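Trainee: build me a model:
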Amino acid sequence: MSTWRAPVTDEPAGEARGATWSQASGPAARGARAAGRANDLIGAEGRDPIRSAWRWAGVFAIVLLGLSGLVGIGVVRPIDDRALEAVQSVACYPLDLAASLIGVVGQTEVTAPIAVILAFFWWRRRGLRGLVPLLLFAGVAIEVVLKHVVPQPSPPPDLSRSLHLLPFLKAASPYSFPSGHVLRTTFLAALIADRTVFWAVVVAMSLSRVYLAEHWTSDVIGGLLVGLMVSGVAAAIYGGGSRARR
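Mentor: Predicted structure coming up:
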């Protein structure tokens, strides 16, 4: 994985400007490396990673709007049906259990505390821009709006293979687009995981939501797009704090 270059470093005077965060040490540098992973994942590198992060966030927003329209008019339903049938063709209890356990990780009751804890420690080290993990809740707000305006019914309940392992709350939404589980795990993984782990987590969560018939394939793609869009905004805001201190 290529190393993200901080637009402006917080290195002590005398150190080379433009040094990578991977060459730095100390709590502040470790926090910067963590937030900077979002830039790397969305391709926000080069001479102006802040502008690139905003640009990619805009691209993901446009693609999300386009997908929302296609989902709303039912164009993707045949693809969703075939994908669900294919994934459930290998259904068995061990996979039910594994997919249900993966789903626990994406629950709001799990991801929200993680975001708050990250924000607290990053705020102590980096100030206000360290609060970017709280943008998770902006993503959740977008999820709630879309689930009330994009007319995509959930998969039939009789196809569900979910095992209710823990008594989590379940918010009532009229529609299923986008997947909140995928949105939340995408956003947090973009902040704290390297590229390999990021995609492993996102793919596992996406497959589990479709396999369990909790969501359609288009739902998980929508969740991925929202998560990437919000993580792009987080990367731009985080990096912008350094630029403002020039």
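Trainee: SS state for the spatially closest residue to Ala119 that is not a sequence neighbour?
Mentor: Setting aside the residues directly before and after it, Ala119 is nearest to Pro133 in space (CB to CB, 6 or more residues apart in numbering), at 4.3 Å. For every residue, glycine as well, the C-beta is placed using N, CA and C. Three-state assignment for Pro133 (DSSP: H, G, I helix; E, B strand; the rest coil): helix.
Trainee: how many residues are close by Pro133?
Mentor: Neighbour count for Pro133, taken as other CB atoms under 10 Å: 25.
Trainee: and if you look at Gly69?
Mentor: Residue neighbour count, defined by other CB under 10 Å, stands at 11 for Gly69.
Trainee: helices or strands up against whichever strand or helix holds Pro78?
Mentor: Counting by DSSP states H and E, the element that carries Pro78 is helix 77-87. The contact analysis (3 or more CB pairs under 8 Å, 6 or more residues apart in numbering; DSSP states H and E) places helix 77-87 against helix 195-211, helix 217-244.
Trainee: now the next helix or strand after it, how far from the centre of its chain.
Mentor: Using DSSP H and E, the next helix or strand after helix 77-87 towards the C-terminus is helix 93-105. A distance of 20 Å separates the centroid of the chain from that of helix 93-105, by CA atoms, centre = their mean, to the nearest Å.
Trainee: which residues of the protein score low on pLDDT?
Mentor: Counting by pLDDT under 70, the chain has low-confidence residues at 1-47, 241-246.
Trainee: do I have it right that Leu67 meets Leu224?
Mentor: No - the criterion here is CB atoms under 8 Å, and Leu67 misses it with Leu224 at 10.1 Å.
Trainee: who's more crowded, those two?
Mentor: Leu224 (22 against 19).
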